[in-house]
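**Student:** Give me the fold of what follows.
(one chain, ligands or ions: 1)
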Amino acid sequence: MKPETIQEIKAELLRIKQETEEALKVFATKDSGNANDFTSTFPDYGEENDENAQEVGQYSTNIATENILEKTLRDVKSALKKIDQNTYGICKYCHKEIDEKRLLARPFSSSCVKCKSQLQKN
Ligand SMILES: [Zn+2]
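**Tutor:** Take a look at the predicted model:
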């Protein structure tokens, strides 16, 4: 992969990282002990019954969203680490190079299309 392409992907990863952190901060706070972990805050709409029910509903949505965003954040960080270690773009299963088009579309992919579809079949 060309160094320019890597730089382009790195910029995109940093953008996604910031975006994801911003999205998390809306409803979750960063754990002080672990920089990669966020905790959803319990929403407070009021003390009425329907408000309480809304809060619980929103809270479980928050937790689900939190998990997805945290996973993205972990994937993005590990991709950035791989760029630093010059191991970026290698499939974690078959250790072959991941198609550049795939990486440009989804820069935090850690497996090639072949391995990924194999996994989804199983
Ligand atoms: Zn593979």
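**Student:** Neighbours of the closest residue to residue 75 other than its chain neighbours, how many?
**Tutor:** In space, residue 75 comes closest to residue 108 once its chain neighbours are excluded; the distance is 4.0 Å by C-beta to C-beta, 6 or more residues apart in numbering. C-beta coordinates here come from the backbone N, C-alpha and C atoms, glycine included. For residue 108, the neighbour count with other C-beta atoms under 10 Å is 21.
**Student:** Looks like residue 108 contacts residue 16 (just checking).
**Tutor:** Yes. Under the criterion of C-beta atoms under 8 Å, residue 108 makes contact with residue 16 at 7.2 Å.
**Student:** which residues are common contacts for the two?
**Tutor:** Taking C-beta atoms under 8 Å, 6 or more residues apart in numbering as the contact rule, residue 108 and residue 16 both touch 72, 76.
**Student:** Might you report the residue contacts of the residue nearest to residue 75?
**Tutor:** 13, 16, 72, 75-76, 78-79 are the contacts of residue 108 under C-beta under 8 Å, 6+ apart.
**Student:** that's a helix at it, yeah?
**Tutor:** No. Read with DSSP: H, G, I helix; E, B strand; the rest coil, residue 108 is coil and lies in no helix.
**Student:** distance of it from residue 46?
**Tutor:** 39 Å (C-beta to C-beta, to the nearest Å).
**Student:** Over to residue 71?
**Tutor:** Distance from residue 71 to residue 46, by C-beta to C-beta: 32 Å.
**Student:** tell me which residues form a beta bridge with residue 97?
**Tutor:** Residue 97 has these beta-bridge partners by DSSP bridges: residue 90.
**Student:** wait, residue 63 sits on residue 40?
**Tutor:** Yes. Using C-beta under 8 Å, residue 63 is in contact with residue 40, at 5.1 Å.
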